[in-house]
Structures are given as structure tokens and as C-alpha cells.
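**Q** output the structure for:
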Amino acid sequence: MGKYLNNEFAIKNIAILGSTGSIGTQALEVIRQNPDRFRAFLLTANSNAGLLIKQALEFNPEFVVIAEQSKLEEVKSALRNTEIKVLWGTDELCVALERPEISLVLTAMVGFAGLIPTLAAIRAGKDIALANKETLVVAGELVTSLAKEHGVKILPVDSEHSAIFQCLAGEGQNPIEKIYLTASGGPFRGKDRDYLSSITRNEALKHPNWVMGEKITIDSASLMNKGLEVIEAKWLFDLDVSQIDVIVHPQSIVHSLVQFRDGSMKAQMGLPDMKLPIQYALAYPERIENTFPRFNFAEFPNLSFEQADKKTFRNLALAFDALNTGGNMPCVINAANEVVVAEFLKDRIGFLKMSDIIEQCMSEITFISDPTLDDYIESDRITRILAGELVTNSK
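**A** Numbers count the residues shown, from 1 in each chain. Okay, here's the model as predicted:
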């Protein structure tokens, strides 16, 4: 199963980095429905050993990798009677990603942790299905340059970037005038800062349209997710900041739009279901059949659009500021955001305080205009320390 003959793979072997998260589990649903096309060759988890073991026993990958060393023996013990190789940590993962059988790496890890494995996969010549937006937010220039050097495709999995990617099919000779990333507005669309000052984590976790992991759900509520997507789009599609805009579209049916230089626009539409962009990336350039629910215009007689409120949701404005500044500033904003979201989820800071701390980190961390990988790693490290101190001092 999944082996190759005369250097031709009989099946597309997929490495899923972050298989126990929201994107990873939905990717496995796509693989489950298409066993003649895809095989889960490598699965990784941060600390959810129980689900990783369950996935491994069902999908029988060649490798599983657990990031948290304390869970290693648990995974090894559970898989002792299988032929699955159990690995631990980033170093062993990066080596495993060099395996020639792997044809696509789905990076679905959360946050900065996805950067190093993604770079390793690119160096190994693997095409990337990118769901870990932080990889391009932190080190977009480095990642895209390396992908070009190694002839690697970066296939976007975020619904908005997948929409842009699909709209650009067949338009290679036609310059983009502008792209519009759509945002649902999250659970607090239309609310003012007085309202936001007292909201709870449970309120922020109630997204109106999408089912996602906790971190990205909070990012969506604060519009930081859209800010990170703006930065990601700049690198994915080689755009200037002035070519990127955000519009709020509460129904989440139009996933994003491209405007060309003649003024015409293309939009990609569909029900809010992450399995569709995941499947598109896994099967690219082919579109394959599925049993996903179909959109019915009669059920959505009105589609509405409005400008994003950058004054109330300051994270979106801060992300544009970071992108305009460039250098290591997107790395700083990402690191600070990861810290404050984790603290908000623990009820240690308020919703609005997250933006205050992010902005303070942007003003205090030393700016580096042309950072190396080591600079990104160090900027991430010291920003996390500073953000943690600011959280403590805010109590």
C-alpha cells in the first residue's frame, strides 16, 4: 500500500504536520474518503498522544512523530505491535521529511512551530500544502525564496488564499490589480470597544460560521487572523501592501476575490467547509468528486459586504503596520499574538489588552530590516519573553 514502482508513486503519500488539530483531522477525513488516491504517510502531534495513537492505528502510516517528549513512551507502547516507526521532536521529524516516498507535506501545525519543519520539507523538495499561515507571516521572504530555489509549489489551504489561488488559475499573463480577503467579522461584528472590554473566552470561542481550533478562533474574533492572512497573501501572491484589502462578508460564502487590471473580478464561492480547500490542495491540479454539501442560492438570498473596522479591531491595523514596516516586525507581531492569545484563553488578560501588548512589543523589540533565520528565531524568543512580562505586569 502506498509503495512505488519504477519511481512512480501508485498513491500520493501525504505527511500531515499537526494531524490531531482541526485541519489535520479534516485532512484525514479527505484521505479516508479517497483511499485510492492518498495515503497518510507521516502524522505528527504536539501533545495529543491519545488521538495520534488512534489515527495511527486507523491509517497505518510509516511514521508518527510526537513533539512532547513526556508522551513518547505512551505512543511507543501503544504502537509496539505495529510496523509504525515512532519518532520524537523537530530534528527527527525534519529527517523523516526527506523520505523520497513523500510527495506532499501538509503543514497544519499551529504557530511558529511550523516554520522549521516547513523549511526542512522545502529543502527536501516537497511540495507544501500550507495551512500554517504563521510560516509565511514570520519568514515570508525566506520561505518563498527557498521554494523557488528548490522548485517547490506552495499550495494554500486557508480558505481565503485557496480562493485567490483558484481565481488565478489560467490568469498567469494577467496582472492582479487588487485582491480582497473576506472576513466573517467573527462573533463581535458591529460591536464597539466598550462591549469588547468585558467579553469572556467562551464568548470569543463562539464563531458564527467556522469550526476551528481555539487559537485561530480567538484570532478570528480579534481580526488578527485576517491580519495574518494579509501578510501571508503578500508572500503567496507577490503583492504590494496596497494591492490587498479586507472586506467583511458575514455569510462566509464568497471566500475571496481577485480584481484584474481591466476592473473585472473573480470570486470563489461555496459553503464554509475547510475540507474543500484541503482536498483541492491535496489533489492539485485535479478536482476530484466528493460528497460535501452543495451551496443552494435559495438558502442565501442576500450576500452582504462591509468595510472592516480597524479602529475597533486594532489587531488588523497592527498587522498592516507590521507588513508595511517589514523586516522582523511580522515575526514580532506573530510571537506576541501567540503569547497573548494563550493568556486570554487562560483568563489572565482581557480581550482588548491583547492588542495593547502586541503594540508595545512592536515598539520595544529591536527592528531588523533584513533578518536571517537566526534573527527570526531570536526575535520570536525575545518577543515571547517581553509579551509574557507585559502580561504579568498588566495584572
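
**Q** got the contact list for the residue nearest the centre of the chain?
**A** In the chain, the centroid-proximal residue (CA atoms, centre = their mean) is Asn132; its distance is 3.0 Å. Asn132 sits next to Leu17, Gly18, Thr107, Ala108, Met109, Val110, Gly111, Gly114, Leu115, Thr118 when contact means CB atoms under 8 Å, 6 or more residues apart in numbering. (Glycine included, C-beta is placed from N, CA and C.)

**Q** do you know how far it is from Glu92?
**A** Counting by CB to CB, to the nearest Å, the separation of Asn132 from Glu92 is 19 Å.

**Q** quick one, helices of the stretch 201-350 of the chain?
**A** Taking DSSP state H, counting those that start in this stretch to define them, one finds helices in the stretch 201-350 of the chain at 201-204, 214-222, 224-236, 275-283, 314-325, 329-345.

**Q** tell me which helix or strand comes right after the longest one.
**A** Of the helices and strands lying after helix 329-345 in sequence (DSSP states H and E), the nearest is helix 353-364.

**Q** any residues touching the helix or strand following that following helix, and which ones?
**A** Past helix 353-364, further along toward the C-terminus, the next helix or strand under DSSP H and E is helix 373-393. Where contact means CB under 8 Å, 6+ apart, the residues beyond helix 373-393 that reach it are 112, 115, 119, 138-139, 142, 328, 331-332, 334-336, 338-340, 343, 348-349, 357-358, 360-361, 364-365, 368, 371.

**Q** what comes up buried for helix 373-393?
**A** Of the residues in helix 373-393, those scored as buried under the neighbour-count criterion (16 or more other CB atoms under 10 Å) are 375-380, 383-384, 386-388, 390-391.

**Q** how about stretch 99-113?
**A** The neighbour-count criterion (16+ other CB under 10 Å) identifies Ile102, Ser103, Leu104, Val105, Leu106, Thr107, Ala108, Met109, Val110, Gly111, Phe112, Ala113 as the buried residues of stretch 99-113.

**Q** pretty sure the fifth one sits in a strand.
**A** Yes. The assignment for Leu106 is a strand, going by DSSP: H, G, I helix; E, B strand; the rest coil.

**Q** how about the residue nearest to it when sequence neighbours are not counted, phi and psi?
**A** The spatially closest residue to Leu106, leaving aside those adjacent along the chain, is Ala129, at 4.3 Å (CB to CB, 6 or more residues apart in numbering). Main-chain dihedrals, Ala129, degrees, to the nearest 10: phi -100, psi 110.

**Q** burial of Ala40, as a residue count?
**A** Residue crowding around Ala40 was assessed by other CB atoms under 10 Å; the count is 27.

**Q** any idea how far the residue nearest to the centre of the chain lies from Met212?
**A** The span separating Asn132 from Met212 equals 13 Å under the rule CB to CB.

**Q** quick check, the residue nearest to the centre of the chain in a helix?
**A** No. Under three-state DSSP, Asn132 sits outside any helix and is assigned coil.

**Q** distance check, it against Gln243.
**A** Distance from Asn132 to Gln243, by CB to CB: 23 Å.

**Q** would you mark the buried spots in stretch 300-311?
**A** Using 16+ other CB under 10 Å, the residues of stretch 300-311 that count as buried are Ala308, Asp309, Lys310.

**Q** the nearest residue to the first one once chain neighbours are set aside: neighbour count?
**A** What sits nearest to Ala308 in space, not counting adjacent residues and going by CB to CB, 6+ apart, is Val246, at 4.6 Å. Applying other CB under 10 Å, we find 24 other residues in the vicinity of Val246.

**Q** tell me who's in contact with Thr291.
**A** Thr291 neighbours (CB under 8 Å, 6+ apart): Gln33.

**Q** any idea how far it is from Asn209?
**A** To Asn209, Thr291 is 21 Å away according to CB to CB.

**Q** same check on Ala147?
**A** Counting by CB to CB, the separation of Ala147 from Asn209 is 31 Å.

**Q** kindly report the same for Phe59.
**A** The separation that Phe59 has from Asn209, given CB to CB, amounts to 29 Å.

**Q** go on, Ile382?
**A** Distance of Ile382 to Asn209, given as CB to CB: 36 Å.

**Q** same check, this time on Val152
**A** Shown here: Val152 relative to Asn209, a distance of 32 Å by CB to CB.

**Q** so Ala56 touches Leu42, yeah?
**A** No. Contact between Ala56 and Leu42 fails when scored by CB atoms under 8 Å: they sit 10.3 Å apart.

**Q** if we can go back for a sec, mark which of the contacts of helix 373-393 are buried, thanks.
**A** Among the contacts of helix 373-393, those scoring as buried are 112, 115, 119, 138-139, 142, 328, 331-332, 334-336, 338-340, 343, 349, 357-358, 361, 365, 368, 371 (criterion: 16+ other CB under 10 Å).

**Q** show me what contacts the nearest residue to His255 once chain neighbours are set aside?
**A** For His255, the nearest residue in space outside its immediate sequence neighbours is Ala163; the separation is 3.6 Å by CB to CB, 6+ apart. When contacts are counted by CB under 8 Å, 6+ apart, Ala163 touches Thr182, Val254, His255, Ser256, Leu257, Ala267, Gln268, Pro277.

**Q** widest-spaced pair of those?
**A** Greatest spatial distance in the contacts of Ala163: Leu257 and Pro277, 15.5 Å, computed using CB to CB.

**Q** neighbour-wise, which of the two wins?
**A** The residue with the greater number of neighbours, taking Leu257 and Pro277 and applying other CB under 10 Å, is Pro277; the counts read 27 against 23.

**Q** right, and the more buried one touches Asp158 too?
**A** Yes. With contact defined as CB under 8 Å, Pro277 counts as touching Asp158 (7.1 Å).

**Q** so Arg37 touches Gln279, yeah?
**A** No. Counting by CB under 8 Å, Arg37 does not reach Gln279; the two are 9.8 Å apart.

**Q** looking at these two, which is more packed in?
**A** Taking neighbours as other CB under 10 Å, Arg37 and Gln279 compare with Gln279 leading, 26 against 16.

**Q** what count of nearby residues applies to the nearest residue to the more buried one once chain neighbours are set aside?
**A** Taking CB to CB, 6+ apart as the measure, Gln279 lies nearest to Val30, with 4.8 Å between them; neighbours along the chain are not counted. Summarising burial for Val30: neighbours were counted as other CB under 10 Å, giving 24.
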